[in-house]
Structure formats: C-alpha cells, structure tokens
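>>> would you be able to build a 3D model of this:
(3 chains)
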Amino acid sequence: MRKPCCDKQDTNKGAWSKQEDEKLIDYIRIHGEGSWRSLPKAAGGLLRCGKSCRLRWINYLQPNIKRGNFAEDEEDLIIKLHALLGNRWSLIAGRLPGRTDNEIKNYWNSHLRRKLINMGIDPNNHHVSQSLSLHRPQISGSATLSGGPVNHERKEWQQLISMTDNDRASDTGSCLPSKKDAASCLEDNAYVLPDLNLDLTVSVPSPPTTFTEWKQESAELEAPSELGNATNQTLLLFG
DNA sequence: AAGGTCCGCAACCGCAGCTAC
DNA sequence: AGTAGCTGCGGTTGCGGACCT
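Alright, predicted model coming up:
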C-alpha cells in the first residue's frame, strides 16, 4: 500500500495565506526548488504537504510567471500544439514561456474548447465536423486547420491531421485512443512523417499568422488561407 | 436588493514514471 | 529484478466573483 504523501491531519488545505506564500518563497529563494517532501518542515513548519507546496510554487509563486490574458498568438499556438500533442499540458506549457500547464489546461477547458466547438471543430481530435466541412470551410481554429474549398488544400489538411494523429499514436508507450484513426489516416494518405523534434523545452516564437488574422480572412470570404503556408508554420514547431 | 446560476481559476487527488537501493 | 519513495502530470473539484432574473 502506498504511503500517503503527507500526514493529512496536520496539513492545511484550500487557499494559501500570504504568510504561507512568504514562507515558501523565502525558503526556495535560499535553498532552491526540490525536496518537496521535506520542504514544509524545513520551511519553518509550513502546514502543507510537499505536493501542495510544489504546485503553489510552480503555478503561482515562480517569479517568471506571466499572468493575465492569453495573447492571440498564444491561443493559436496552444491550439496547434494541442492538435499535435493532445492533453499533454506540460509539453504545451514548455512552448509557452511564462505559462504553466495548469493555466493552459484551465484556459483550454474554459475558452478554447468552446471556441473550437462553436466553429464546428471537435476539440478532442481537431477534426472538422462532417456537416461543416462539406460546406464552406468554416474550419479551423488553428493554422493547421486552415482549410479551403479547393480539393488539394483539403487533402493537405487531412494529411496534416493524419500526421498529428500519428505523432500521438507513436508516442512512446502511451496507449492512445486515436491509434486506430492514425492507422487509417496513414493508409488513406500514405503520409510520410517528418522527423519530429519533440524536445519541447525550448520555446519558439509564434508564427506570424495569428488565429485572428485567419478568422478575418475567412470572414471576408477572401481566397482561402494558404495551406502551404499554414503547414509550414505548423512544421516550424519541429526542429 | 436578494437569490440563483454560471464561469474561471486555484488547488486537490490519484496515478504513472523515474530513480535509488 | 523487485521494491519503495519521490516527483510530475492530468483530471477533477470546489470556491468565489460576475452576471442574470
């Protein structure tokens, strides 16, 4: 039986007080991060479990955390990365300097999911719902989704989706529900995977074309956004 | 103004992966 | 190789403020 991470009877729960925050910050300033399990005692008798301290530090107290609304290019990037990586929030956060996995996860669940649904995109697999895709290309939250009425563009879009599915399916050791989709996409499109650089610890500047710009283009019924360009932008995510 | 509902965010929980022994 | 402990991750919950009736 696993030992609990702390003695829950002796720990506070819920919102952190200013004093608790200060104790934690002071301790980490002097001793650095790590040894979370022993930290509460060492930090002047914080009545929190180590896990809670770690979370509080990572999600709130770290000095380099960017707070406030997400910029449109950040939204755009999150959508793209989610299409590629699924719910691997920590990896996605690695691409967004100053943002935490928790923050991104919350933002996704409260804003972006709904946004995609409203646009007729399934937020789970980023596939365009059939009814919409058969009509005008209302598509697409992300550059990866920039579709167009032109057939070859649609095909490229499907290839891109298959690539992202396959990326997820090829994830080491994980058993993903999309494996079947990925296989079928591969069959359909015979798409060759690029070398994916999934070392996502280094942030990359956002692509020049933002989600908003794309939406404007769509709204104006202009020529469809250039999928090749979008593809390239997505591929910028890879080394 | 009061009560009800919705929404966003911080925090908790349980599990999995990694490492040391 | 097996086990135990620690850390990190993702899903979920619950609180508090905003908004609506």
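>>> low-scoring stretches of chain A, by residue?
Low-confidence segments of chain A (pLDDT under 70): A:1-10, A:129-239.
>>> spell out which parts of it neighbour DNA strand C.
For chain A, the residues in contact with DNA strand C (Cβ under 7 Å from any atom of the strand) are A:2-3, A:5, A:14-15, A:34-37, A:50-51, A:54-55, A:87-91, A:101-102, A:105-106, A:109. In this view, the C-beta of every residue, glycine as well, is placed from N, C-alpha and C.
>>> list buried residues within the residues you listed.
A:36, A:50, A:54-55, A:88-89, A:91, A:101 (16 or more other Cβ atoms under 10 Å).
>>> looking at the residues you listed, which are in helices?
For those, membership in helices holds for A:50, A:54-55, A:89, A:91, A:101, with DSSP state H as the criterion.
>>> and DNA strand B, which of the residues of chain A next to DNA strand C contact it?
Among those, proximity to DNA strand B is found for A:5, A:14-15, A:51, A:55, A:102, A:105-106 (Cβ under 7 Å from any atom of the strand).
>>> same list (those residues) but as TSV, adding distance to A:Leu77.
TSV is the format used below for those (distance: Cβ to Cβ, whole Å):
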residue	distance to A:Leu77
A:Cys5	33
A:Gly14	33
A:Ala15	31
A:Lys51	29
A:Leu55	24
A:Asn102	17
A:Lys105	15
A:Asn106	16
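>>> for those residues, work out which two are farthest apart.
A:Cys5 and A:Asn106 (23.1 Å; Cβ to Cβ).
>>> spell out which residues of chain A are next to DNA strand B.
A:5, A:8, A:12-16, A:48, A:51-52, A:55-56, A:59-60, A:102-103, A:105-107, A:110-111, A:173-174.
>>> try it again at 6 Å.
Those residues of chain A that sit near DNA strand B, judged by Cβ under 6 Å from any atom of the strand, are A:13-16, A:52, A:55-56, A:59-60, A:102-103, A:106-107, A:110-111, A:173.
>>> between the residues you listed, which is closest to A:Asn118?
The closest of those, once distances to A:Asn118 are taken by Cβ to Cβ, is A:His111, at 10.8 Å.
>>> ok, the closest one - how many residues close by?
Neighbourhood size, A:His111 [other Cβ atoms under 10 Å]: 14.
>>> same question for the one 5 residues further on.
Neighbouring residues of A:Leu116 were enumerated by other Cβ under 10 Å; the total is 23.
>>> how close does it sit to A:Ala83?
10 Å (Cβ to Cβ, to the nearest Å).
>>> need the overlap of contacts for these two.
A:His126 (Cβ atoms under 8 Å, 6 or more residues apart in numbering).
>>> the residues of chain A next to DNA strand B in helices, which ones?
Using DSSP H, the residues of chain A next to DNA strand B in helices are A:52, A:55-56, A:102-103, A:106-107.
>>> any idea how far A:His127 is from A:Lys51?
Applying Cβ to Cβ to A:Lys51 and A:His127 gives a distance of 36 Å.
>>> then A:Trp57?
Distance from A:Trp57 to A:His127, by Cβ to Cβ: 38 Å.
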